[in-house]
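# Just to be clear, the model below is a prediction. Sequence and coordinates:
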Amino acid sequence: MIDRETPAVVAFLGGGVLALLLAVPYLAWSYRRRGEFGLGHMVLALGCLVYALALWTYTLLPVPDTTPEWCARHATEPQLRPFQFLSDIRAEATGPGLGALLRNGALQQVVLNVALFVPLGMFGRHLFRLRPLVVVAAGFGMSLFIECTQLTGVWGLFGCSYRLFDVDDLLVNTTGAVLGVVMAPALRLVPWQRVRLAPTEPRPVTTRRRLLGAFLDALFVTLLSGVLLAGRAVVALLRHHRADPDPDLDWLLSYAIPVAALLLFVPLAGRGATMGQRIVLLAPVGPDGEPPSSWRLLLRFAGGTGGYFTLVSCGLDFAAMVFVLVSLVLLWRPRDHRGLSGLVSGLRVIDARARRVKEAETEDGAMARG
């Protein structure tokens with residue numbers, strides 16, 4: 001694998017891992033700052049994340065074995081002559097014509113350094129809404145930081161400088177940031193990123209939103225299950241015992257405790273919403289439009305995940321599968337998307353902002369009467 005491919009692979013793999021870790025914080029931020037989840041905005045945010053890693057990998061990787069012998073053989077001096085790249089392009093010219101120009105290694109390096117900072121200008125201007133001069137200054141500052149990092153061997157972490165400090169890189173990188181600012185309007189063409197309502201304005205409750213909240217709840221249950229199982233293994237290790245298989249304990253740690261804690265006790269301790277529903281700004285309400293009572297939340301749990309795991313624990317796998325299918329159909333088909341658990345408990349789900357608006361109006365009315 002050649003050097004230009006290695007940083008790209010590292011950037012995409014690292015970006016994918018970071019995207020998984022940051023997905024929940026991003027969703028919470030998106031619903032509160034933008035009012036909704038936009039697929040186009042998510043794609044741009046993911047692209048920005050991968051680009052940030054690419055900027056790091058292309059400027060620092062691959063890292064050689066900087067032994068004293070290697071440093072003695074590959075010692076470099078900073079290139080401090082502006083526009084030296086023009087002389088380098090002429091020196092590496094192999095003949096006339098466009099084909100020879102495109103094969104010129106020095107020209108390819110300049111084009112790559114310009115292209116490397118074009119996304120910085122585009123993301124800075126479109127995604128972060130920074131002013132053009134701020135974006136260009138950020139491009140110059142980032143380029144200077146990278147060059148100094150290369151000059152100092154990653155600030156002394158390595159035995160010597162294994163990349164060349166080149167003042168021309170400051171010029172061409174900043175040029176790339178300028179071009180990115182000019183090209184930033186092209187990112188508006190990415191669909192599903194425009195927000196038509198204010199972030200505080202309630203949105204309709206859709207099937208996609210309900211499923212997203214349910215997916216986040218399943219993710220939290222899985223994470224808590226993993227933490228509990230890992231804790232059990234650590235305790236066994238500290239006691240110098242092997243964590244022998246215990247089906248009953250494993251079932252408690254994997255399913256019963258996480259499900260009860262996150263999908264029953266958390267809603268009971270709050271105003272009825274699970275953690276996943278809170279992230280996507282959903283709120284359950286009773287028939288009177290008020291926060292649900294405890295007995296309705298217990299019925300909702302029995303008609304939802306509680307009922308499913310009861311069937312599974314009793315060995316009724318086919319019934320559990322039918323239970324899930326019925327729940328999904330009822331989550332999608334009725335216009336209020338209440339699902340099976342909502343029908344059993346008499347609860348429906350609304351946008352949490354709508355409840356806040358109603359509570360604010362009620363409070364204002366009480367103050368006016370007072």
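Alright, I've got the coordinates.
# for the protein, which spans come out with low pLDDT?
For the chain, the stretches with pLDDT under 70 are 1-5, 241-244, 357-370.
# quick one: the strands in it?
Assigned by DSSP state E, the chain shows strands spanning 282-285, 348-351.
# I'd like to know which elements the last one is packed against.
Strand 348-351 makes packing contacts with strand 282-285 when contacts are defined by 3 or more Cβ pairs under 8 Å, 6 or more residues apart in numbering; DSSP states H and E. In short, each C-beta sits where N, CA and C put it, glycine included.
# List of residues touching the strand it packs on?
205, 209-210, 213, 267, 271-273, 277, 291-292, 297, 300, 342, 347-352, 355 (Cβ atoms under 8 Å, 6 or more residues apart in numbering).
# Please identify the most buried of the strands of the chain.
Of all the strands of the chain, strand 282-285 has the most neighbours on average by mean count of other Cβ atoms under 10 Å, namely a mean of 22.
# CA-only coordinates of it in CSV, if you can.
Output of strand 282-285 as CSV, limited to C-alpha atoms (Å, rounded to 0.1, in the frame of the first residue of the first chain):
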residue,chain,number,x,y,z
LEU,A,282,-40.3,13.1,22.6
ALA,A,283,-42.6,13.1,25.7
PRO,A,284,-45.3,10.7,26.7
VAL,A,285,-48.6,12.1,27.9
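# how far is that strand from where the chain is centred?
Its chain's average C-alpha position is 25 Å from that of strand 282-285, according to Cα atoms, centre = their mean, to the nearest Å.
# in its sheet, what does it sit against?
Under the criterion DSSP bridges, strand 282-285 sits next to strand 348-351 (antiparallel) in its sheet.
# Quick one, which of the strands of the chain gets closest to residue 149.
Proximity to residue 149, assessed across the strands of the chain by Cβ to Cβ, is greatest for strand 282-285 (45.0 Å).
# What residues does residue 50 make contact with?
If you count contacts by Cβ under 8 Å, 6+ apart, residue 50 has them with 11, 12, 15.
# same thing but 10 Å
8, 11, 12, 13, 14, 15, 16, 18, 19, 119 (Cβ atoms under 10 Å, 6 or more residues apart in numbering).
# per the record, what domains does the chain have?
According to automatic domain parsing, the chain comprises the domains 5-189, 207-369.
# got those domains as CSV, with distance to residue 195 columns?
Below are these laid out as CSV (distance: least, Cβ to Cβ, whole Å):
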stretch, distance to residue 195
domain 5-189, 5
domain 207-369, 14
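# of those domains, which approaches residue 199 most closely?
Minimum separation from residue 199 across the domains of the chain (Cβ to Cβ) falls at domain 5-189, 3.7 Å.
# quick revisit: for the contacts of residue 50, work out which two are farthest apart.
Of all pairs drawn from those, the widest gap by Cβ to Cβ lies between 13 and 119 and measures 18.4 Å.
# So residue 130 sits against residue 122, correct?
No - counting by Cβ atoms under 10 Å, residue 130 stays clear of residue 122, with 11.2 Å between them.
# Comparing these two, which shows the higher neighbour count?
Legend: neighbour count by other Cβ atoms under 10 Å for residue 130 and residue 122, higher for residue 122 (25 against 18).
# Can you verify my assumption that that one contacts residue 132?
No - counting by Cβ under 10 Å, residue 122 does not reach residue 132; the two are 11.7 Å apart.
# that older thread, which residues are common contacts for residue 130 and residue 122?
Counting by Cβ under 10 Å, 6+ apart, the shared contacts of residue 130 and residue 122 are 181, 184.
# coming back round to it: could you redo the strands of the chain as JSON lines and give each row distance to residue 323?
Output for the strands of the chain, formatted as JSON lines (distance: least, Cβ to Cβ, whole Å):
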{"stretch": "strand 282-285", "distance to residue 323": "20"}
{"stretch": "strand 348-351", "distance to residue 323": "19"}
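# Having no further points to raise, I will conclude here.
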